[in-house]
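Student: Next comes the sequence, and after it the predicted model I'd like to discuss.
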Amino acid sequence: MPTSGTTISLSYVVPAHNCAGIIEATVRELGERFSGGNAEILVVENGSTDETPEVLARIAANWSVPGVEFRSLSSEKGLGNALKHGLLASRGEVVVTTADDLPFGFDEYEAGLKVDLNRFPVVVGSKAHPQSQVGRGLVRWVATNGFLVLRTLVLNMRTRDPQGTFVLNGDWVREIAPRLEEKGFLLTTELIYVAERQGVRTVEVPVRLRASHGEHGTRIKLADVWYMGVGLLSVRRRHRKTARLSATTRV
């Protein structure tokens, strides 16, 4: 098992909020996938009111997967808070961010292995990629397209899905993370905006939404479009002096 100070090949960052019923299966699947390797799983609990903290404590107490370290962390409530905390705590040469139910399995990770992260430090598992296979209910369709229009108008963003899962160059993202301030779901959009302003070419790769993900229902609300518009203005003000925009690459 990797120990503190040891170079880690891979970090998986998983925010966890009120997911007591699914997080153990997710962690188990990650452990089985990377057993015998040189990896760490960082689950960042943030403001749960169910038994998520107790489940994570039990996992930590019984963890014995060779070559994979399990780390249970906590942050203030909010997806952005959890992601930032996990990114800063990560030690991997490669850092992957995903959701508590592994919505795309390992699609983004496998595609990211084919990308030179030294040249392209940001790979996005993109629902907007033309080859992606994702469910599109009416609420999700309206909200997703509303987000796209707002991002284009406010940020002139080239990346079509800045709220996907990510495969990142570890050194790069740990340098960028301290500058990120969004506490909620706009944290990854802020990360992409900073990257594009620096001239980083993001790479969007196709993903396939697992059937089990639909069982949880969409977490998007139409009201989120309004809140996103306000948040995007804050992101632009915060980072508008960063140098220049860059292109996006799809593979």
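Tutor: Alright, I've got the coordinates.
Student: any low-confidence regions in the stretch 51-200 of the chain?
Tutor: Scanning the stretch 51-200 of the chain for pLDDT under 70 picks out the ranges 136-146.
Student: can you give me the helices in it?
Tutor: Using DSSP state H, counting those that start in this stretch, the helices of the stretch 51-200 of the chain run over residues 52-62, 79-89, 107-112, 138-155, 170-176, 187-197.
Student: Can you give the distance of the second one from its chain's centre?
Tutor: Think helix 79-89. Its chain's C-alpha centre and that of helix 79-89 lie 9 Å apart, by C-alpha atoms, centre = their mean, to the nearest Å.
Student: All the strands of the protein, in order from the start?
Tutor: For the chain, the strands defined by DSSP state E cover 8-16, 39-46, 68-75, 92-97, 122-126, 165-169, 202-206, 248-250.
Student: do you know which of the helices of the stretch 51-200 of the chain lies nearest L209?
Tutor: Proximity to L209 (C-beta to C-beta) singles out helix 107-112 among these, at 9.3 Å. For glycine as for every other residue, the C-beta is placed from the backbone atoms N, C-alpha and C.
Student: helices and strands around the closest one, which ones?
Tutor: strand 92-97, strand 122-126, strand 165-169, strand 202-206 (3 or more C-beta pairs under 8 Å, 6 or more residues apart in numbering; DSSP states H and E).
Student: per-domain residue ranges of the protein.
Tutor: Partitioning the chain according to automatic domain parsing yields domains covering residues 1-102, 127-163+179-251.
Student: Need these in TSV (columns: distance to R119 and mean neighbour count).
Tutor: Formatted as TSV, the domains of the chain follow (distance: least, C-beta to C-beta, whole Å; neighbours: other C-beta atoms under 10 Å):
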stretch	distance to R119	mean neighbour count
domain 1-102	14	19
domain 127-163+179-251	8	17
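Student: Need the ones you listed in TSV (columns: distance to V173).
Tutor: Shown next, in TSV, are these (distance: least, C-beta to C-beta, whole Å):
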stretch	distance to V173
domain 1-102	5
domain 127-163+179-251	8
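Student: Which one of the ones you listed lies nearest to E108?
Tutor: Nearest of the domains of the chain to E108, taken as C-beta to C-beta: domain 127-163+179-251 at 5.9 Å.
Student: Contacts only, for L233.
Tutor: Counting by C-beta atoms under 8 Å, 6 or more residues apart in numbering, L233 makes contact with V154.
Student: Look up how far G36 lies from it.
Tutor: Separation of L233 from G36 (C-beta to C-beta, to the nearest Å): 47 Å.
Student: who wins for proximity to E76 among the helices and strands packed on helix 107-112?
Tutor: Of all those, strand 92-97 sits nearest to E76, with 17.7 Å by C-beta to C-beta.
Student: Just checking: what are the partner strands of that closest one?
Tutor: strand 8-16 (parallel), strand 165-169 (antiparallel) (DSSP bridges).
Student: Contacts for that strand, please.
Tutor: By C-beta under 8 Å, 6+ apart, the list of residues contacting strand 92-97 reads 7-14, 39-40, 83, 86-87, 108-109, 112, 117, 165-171, 173-174, 188.
Student: how about JSON lines for the helices of the stretch 51-200 of the chain, with distance to A25 added?
Tutor: Formatted as JSON lines, these follow (distance: least, C-beta to C-beta, whole Å):
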{"stretch": "helix 52-62", "distance to A25": "10"}
{"stretch": "helix 79-89", "distance to A25": "19"}
{"stretch": "helix 107-112", "distance to A25": "18"}
{"stretch": "helix 138-155", "distance to A25": "24"}
{"stretch": "helix 170-176", "distance to A25": "26"}
{"stretch": "helix 187-197", "distance to A25": "24"}
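Student: among these, which is nearest T98?
Tutor: helix 107-112 (7.6 Å).
Student: Can you point out the buried residues in the closest one?
Tutor: The neighbour-count check on helix 107-112 (16 or more other C-beta atoms under 10 Å) flags 107-109, 111-112 as buried.
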